[in-house]
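Asks: attaching a predicted model along with its sequence, questions to come.
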Amino acid sequence: MKVGFIGIGNMAGAIIKGMIQNGHTSNQDIYVHNTTPEKLAQFTAETGTQACSSNKELVTKIDVLVLAAKPNVFPTILADIKDEIAAHQPVVVSIAAGTTLQKLSELLNESNPTPIIRAMPNLNSQVGEGMTALCGNDYTTPEQLAFVLNMFQSIGETIALPEKDFSTFTAIAGSSPAFVFLFIDSLARAAVKNGMRKDVATKIAAQAVLGSGKLVLDSKETPWNLIDQVSSPGGTTVEGILTLEDTGFISSITKATQAVITKDQDMMQQ
């Protein structure tokens, strides 16, 4: 299947390079368009992908259309290409946060129902360790959803979720990297307080977090059982865990997650 991208920012670039490196799609079958000609020329030279002179031209060449532009320009973009989409019937994939399947359908205003898939990749996709959620509308076939799932598998893990769970996914996968970065930096600052260089402390803390995540994924144990494995009776880790509980660590994370969910739901209603 031929895949087209409108927009070639960081996320689109990560997806495209992941697809090529993992052999999911040949660079000859990836078409791109961007409003800046110089950036488009540089990108296609680096990736071997196919440049299109317009969004309309792109839609006529592909089977899967990935909308990777800023959400605020979606109304203009889709108004311009909706006739081509109706005629050629590509699967439309959006990676825009807060833009629902219903909203995308309204923007297309199509007379012929269009298969639409909403995808939510996170920042870690840039290093091939992303987490992406997907959901399709009623016109998306299982084969189309499977192709797009595999496409995002090239930049990490993917999961099909009901759209009602997307706000929660945004919190625990989309926003949580920022929480983890803050945690890593806080660990490093504590080490600096005790005389360690910041760059050394950051590397140590980041590797500890990376390994901890891998252990959770690879182990059959729950995170809490793994905490017990680290915690010796009367030891240093228990002291730290109890201090985190006393200072509201679990409550803070829960409240921050809920704040993201509430904000995302409010934005979708605007």
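Replies: Thanks, I have it. Numbering: from 1, shown residues only.
Asks: ok, now which residue in the chain is the farthest from the centroid?
Replies: Gly234 (41.1 Å; Cα atoms, centre = their mean).
Asks: now that one: which helix or strand?
Replies: For Gly234, there is no helix or strand it lies in under DSSP states H and E.
Asks: what's the spacing between it and Leu242?
Replies: 11 Å (Cβ to Cβ, to the nearest Å). Glycine gets a C-beta too; all of them are placed from N, C-alpha and C.
Asks: all helices for the stretch 51-200 of the chain, in order.
Replies: Taking DSSP state H, counting those that start in this stretch, the helices of the stretch 51-200 of the chain run over residues 55-59, 74-88, 101-108, 142-153, 166-169, 176-193, 198-218.
Asks: export those to JSON lines and tack on distance to Leu65 and mean pLDDT?
Replies: Formatted as JSON lines, the helices of the stretch 51-200 of the chain follow (distance: least, Cβ to Cβ, whole Å; pLDDT from 0 to 100):
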{"stretch": "helix 55-59", "distance to Leu65": "6", "mean pLDDT": "97"}
{"stretch": "helix 74-88", "distance to Leu65": "7", "mean pLDDT": "93"}
{"stretch": "helix 101-108", "distance to Leu65": "11", "mean pLDDT": "91"}
{"stretch": "helix 142-153", "distance to Leu65": "11", "mean pLDDT": "94"}
{"stretch": "helix 166-169", "distance to Leu65": "20", "mean pLDDT": "95"}
{"stretch": "helix 176-193", "distance to Leu65": "27", "mean pLDDT": "98"}
{"stretch": "helix 198-218", "distance to Leu65": "32", "mean pLDDT": "98"}
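Asks: quick one: Ser167 and Ile261 touch, right?
Replies: Yes. Ser167 lies in contact with Ile261 (Cβ atoms under 8 Å); the separation is 4.7 Å.
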